[in-house]
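Asks: coords below, sequence missing:
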């Protein structure tokens, strides 16, 4: 086998390992998806049927004229389809703590000639007592 095949297989394995490591870590600690891994967030999970983009959009019962906040929007997996569903007769606000994710949403909206408001909140910690 040529060495290039081993390099490609190694890179694929490394990407898969990083994906699983991030997913495992983010369940243990509050860890937002790095913007350079945004492609991972945008993929519909082939093993589930209820969290696919089109299923979520259908179940939201969106109608033109509504105002929608996509909190923790990431790269816009739902933001852009929501805006399409509203048919430019409503407002969509994308909110994320990462400026890079908001830039990705803005870029996608610009490519589709859409206007989406964006908001980057400041991170605050609210102390919660145990057994509260």
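Replies: Sure thing, it's come through. On a predicted model such as this, the values are computed, not experimentally measured, just so you know. Residues are numbered from 1 along each chain as shown.
Asks: OK, contacts around the nearest residue in space to residue 66 that is not next to it in sequence?
Replies: If the residues on either side of it in the chain are set aside, residue 66 comes closest to residue 90, at 4.6 Å by CB to CB, 6 or more residues apart in numbering. Heads up, the C-betas are built off the backbone N, CA and C, glycines and all. Listed by CB atoms under 8 Å, 6 or more residues apart in numbering, the contact set of residue 90 reads 62, 63, 64, 65, 66, 67, 68.
Asks: run the last query once more with 6 Å
Replies: 64, 65, 66 (CB atoms under 6 Å, 6 or more residues apart in numbering).
Asks: Assumed residue 121 was part of a helix.
Replies: No. Assigned with DSSP: H, G, I helix; E, B strand; the rest coil, residue 121 falls outside any helix and is coil.
Asks: Count residues in the vicinity of it, would you?
Replies: Residue 121 has 9 neighbours, counted by other CB atoms under 10 Å.
Asks: Now do the most centrally placed residue in the chain against residue 23, distance only.
Replies: With the centre of the chain defined as its mean C-alpha position, the nearest residue by CA atoms, centre = their mean is residue 74, 3.2 Å away. In this view, residue 74 and residue 23 are 14 Å apart by CB to CB, to the nearest Å.
Asks: where do the strands sit along the chain?
Replies: All strands of the chain, identified by DSSP state E, fall at 67-71, 91-95, 117-119.
Asks: Out of the ones you listed, indicate the one that is most buried.
Replies: Ranked by mean neighbour count under mean count of other CB atoms under 10 Å, the strands of the chain are led by strand 91-95, which reaches a mean of 21.
Asks: Nice, that's everything, thank you.
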